[in-house]
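In: starting from these lines, generate the structure:
(one chain, ligands or ions: 1)
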Amino acid sequence: MNAHSDPGVSGTPVPPAGYKDAPYDVELVAVSKSYAGTIAVDTISLRIPKASYCCLLGPSGCGKSTTLRMIAGHEPVSAGDILIGDRNVTDNPPIARGTSMMFQNYALFPHMSALDNVAYSLKVRGVPKDERRARAREFLDLVQMGQYAERPPALLSGGQQQRVALARALITRPRVLLLDEPLSALDPFLRERMRGELKRLQRELQISFVHVTHSQDEAMALADLVVVMEAGHIRQAAPARDIFEKPNTAFVARFIGGHNVVPGGNGSIAVRADRCRIGSSADQARLTGHVSSVEYLGALVRVGLIGDNGLEAAALISDRTFFAAPVEPGQAAALTWSDEDAHALAD
Ligand SMILES: Nc1ncnc2c1ncn2[C@@H]1O[C@H](COP(=O)(O)OP(=O)(O)OP(=O)(O)O)[C@@H](O)[C@H]1O
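Out: Reported below is the predicted structural model:
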């Protein structure tokens, strides 16, 4: 292994040639993956700027995990190139890419203590015992697990096991940390807490995280760059706010949630549900019909509406506005919005 493929296990990471100047941590160039008869990923190109939090988001089977596994080197590409920094790693084994992967089920060794689990990848790289144990302690402290160093995984909670798995993935000092559905096994309370923790770690370490999720909320909360995938394609890659404010297609608008997709003058338009109002005045109405549901969400109330044309839509309104003029399911109602809140979609 040369200095350029050393993921920085012996002290300060050694930047690969040209890495410092590379504006992207990850670059996918026309990457495809086919299995016998199935195209899992179809000619995708993507640039992940340095030290970004990137979420790959999309419905089940859209190719997110396959993309992540190809970046990790656990799956060979069928076509295309993968660059980490400005180094083409397409044919490199996982250990020589400068990436590290944290698996969904954490994949900890049950017979080893938390400390030995974390130190393990240094062991396989031949780092002496004292040094690797000292480094493992450092990384357990980083994820606030120093006090559990001697416990085996079976005596740790799910959230604690996950922290150990994170420390284990980070100890090799990767350029890019790859996370496959890292929060899905946690209960909702812990999930939110770990979400904040992941973001903190990414900021502190100033490396890129590529995080696969099918949760829109998770992607919106975490990502600098949200990559929305469908059927092996990237449909949109942009900051969360751009995706939410300017979804480019009906699929993205629907998948990201919180939008109504309705016919406009030239094709479909998306209007955010929180920009819609419920009224009864037919002259301002954009969509007339009746209330189909009322969901109290605390600060907001979601009013579902079925248009006379069969179209389903919703308004998200503040609790104060709703209770000033409440409506009930079955009641005739109209949805209104301003022209400036209507966003034209490409299809
Ligand atoms: N080893 C494999 N052999 C054959 N087909 C596969 C293999 N792995 C994945 N696929 C197919 O490739 C497509 C993409 O799968 P992938 O696991 O990347 O999707 P995903 O978006 O991560 O889905 P999920 O959210 O359900 O994990 C799917 O149609 C899947 O069935």
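
In: which residues touch stretch 140-153?
Out: 106, 108-115, 117-118, 136-137, 156, 160-161, 163-164, 166-167, 170, 197, 201 (C-beta atoms under 8 Å, 6 or more residues apart in numbering). Any C-beta I mention is one placed from the backbone N, CA and C, and that applies to glycine too.

In: list the buried residues in that stretch.
Out: Leu140, Leu142, Val143, Met145, Tyr148, Ala149, Arg151, Pro152, Pro153 (16 or more other C-beta atoms under 10 Å).

In: what's the closest of those to the ligand?
Out: Distance to the ligand across these (C-beta to the nearest ligand atom) is lowest for Pro153, with 23.5 Å.

In: could I get the phi/psi values of the nearest residue to the closest one once chain neighbours are set aside?
Out: Closest residue to Pro153 apart from its sequence neighbours, by C-beta to C-beta, 6 or more residues apart in numbering: Leu108 at 4.3 Å. In terms of degrees, to the nearest 10, the main-chain angles of Leu108 are phi -80, psi 150.

In: show me the contacts for Leu108.
Out: Listed by C-beta under 8 Å, 6+ apart, the contact set of Leu108 reads Asn117, Pro153, Gln161, Val164, Ala165, Arg168.

In: apply 6 Å and report the result again.
Out: Leu108 sits next to Asn117, Pro153, Gln161 when contact means C-beta atoms under 6 Å, 6 or more residues apart in numbering.

In: the ligand contacts on the stretch 151-300 of the chain?
Out: Applying C-beta under 6 Å from any ligand atom, we find that the stretch 151-300 of the chain lies next to the ligand at His214.

In: where do the strands of the stretch 151-300 of the chain begin and end?
Out: Using DSSP state E, counting those that start in this stretch, the strands found in the stretch 151-300 of the chain span residues 176-180, 208-213, 225-230, 233-238, 259-264, 267-272, 277-279, 287-296, 300-307.

In: any idea which of those is most buried?
Out: Most buried of those, by mean neighbour count (mean count of other C-beta atoms under 10 Å): strand 208-213, with a mean of 26.

In: one step back: would you single out the least confident of the strands of the stretch 151-300 of the chain?
Out: Across those, strand 277-279 has the smallest mean pLDDT, namely a mean of 87.

In: and that one, what does it pack onto?
Out: On a contact count with 3 or more C-beta pairs under 6 Å, 6 or more residues apart in numbering; DSSP states H and E, strand 277-279 meets strand 332-336.

In: quick check: buried residues in the strand it packs on?
Out: Buried residues in strand 332-336 (16+ other C-beta under 10 Å): Ala333, Ala334, Leu335, Thr336.
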